[in-house]
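Colleague: here is the input, now give the coordinates:
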Amino acid sequence: MSNPKELRYSKEHEWLSAAADGVSTVGITEHAANALGDVVFVQLPEVGDTVSAGETCGELESTKSVSDLYSPVTGEVTEVNEDVVSDPSLVNSAPFEGGWLFKVKVGDAPELLSAAEYDTFIAG
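Modeller: This next block holds a predicted model:
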């Protein structure tokens with residue numbers, strides 16, 4: 001499993017892209033997707049919602065369990081991935097590409113882990 005080096009990671013297993021025009025993309029890591037098992041339902045925040053770093057902003061339901069989705073940053077949701085809503089399996093098959101979850105105009109970002117730090121965290 002290789003975590004893209006250009007992304008930042010939370011200890012709740014979300015990833016965050018570098019901001020383009022102040023907007024970053026959020027998803028869950030391959031590690032989290034594998035731990036969840038087959039994702040069958042995704043509940044995401046709505047466009048215009050304000051999300052807070054470290055707070056619950058949605059849910060991922062798999063054949064094994066229901067898990068909270070946490071926002072890695074504080075900001076306003078600008079877009080949700082409707083493809084994932086209609087085909088939740090994208091979270092498992094392409095967590096870093098087509099399985100992204102939402103985009104957020106970042107207001108405040110706590111320190112997140114680099115790919116190397118995240119690899120150490122999940123190995124520990």
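Colleague: which pLDDT value does the model give the residue nearest the centre of the chain?
Modeller: By CA atoms, centre = their mean, the chain has its centre lying nearest to Gly27, at 2.3 Å. Here the pLDDT value assigned to Gly27 is 98.
Colleague: same check on Asp108?
Modeller: 86.
Colleague: hey, what's it bridged with?
Modeller: Judged by DSSP bridges, the bridge partners of Asp108 are Thr74.
Colleague: could you measure from it over to Gly75?
Modeller: Separation of Asp108 from Gly75 (CB to CB, to the nearest Å): 7 Å. Glycine gets a C-beta too; all of them are placed from N, C-alpha and C.
Colleague: and Glu118, how many neighbours?
Modeller: No, residue 118 isn't Glu; it's Tyr. Neighbour count of Tyr118, defined by other CB atoms under 10 Å: 21.
Colleague: same thing with Ala94?
Modeller: 16.
Colleague: same question, Pro4
Modeller: For Pro4, which is what you asked about, the neighbour count (other CB under 10 Å) is 13.
Colleague: please name the nearest non-neighbouring residue to it.
Modeller: The spatial neighbour of Pro4 that comes closest, neighbours along the chain excluded (CB to CB, 6 or more residues apart in numbering), is Phe96 at 5.7 Å.
Colleague: rewinding a little: who's more crowded, Asp108 and Gly75?
Modeller: Counted by other CB under 10 Å, Asp108 and Gly75 do not tie: Gly75 has more neighbours, with 24 against 9.
Colleague: tell me which other helices or strands the helix ranked longest in the chain touches.
Modeller: The helix of greatest length in the chain, counted in residues with DSSP state H as the criterion, is given as helix 115-123. With contacts defined as 3 or more CB pairs under 8 Å, 6 or more residues apart in numbering; DSSP states H and E, the secondary structure elements packing on helix 115-123 are strand 8-9.
Colleague: what's the strand it packs on in contact with?
Modeller: By CB atoms under 8 Å, 6 or more residues apart in numbering, the surrounding residues in contact with strand 8-9 are 3, 15-16, 18, 29, 72, 112-115, 117-118, 121.
Colleague: just the closest of those to Glu46, please.
Modeller: Pro72 (18.1 Å; CB to CB).
Colleague: lovely, talk soon.
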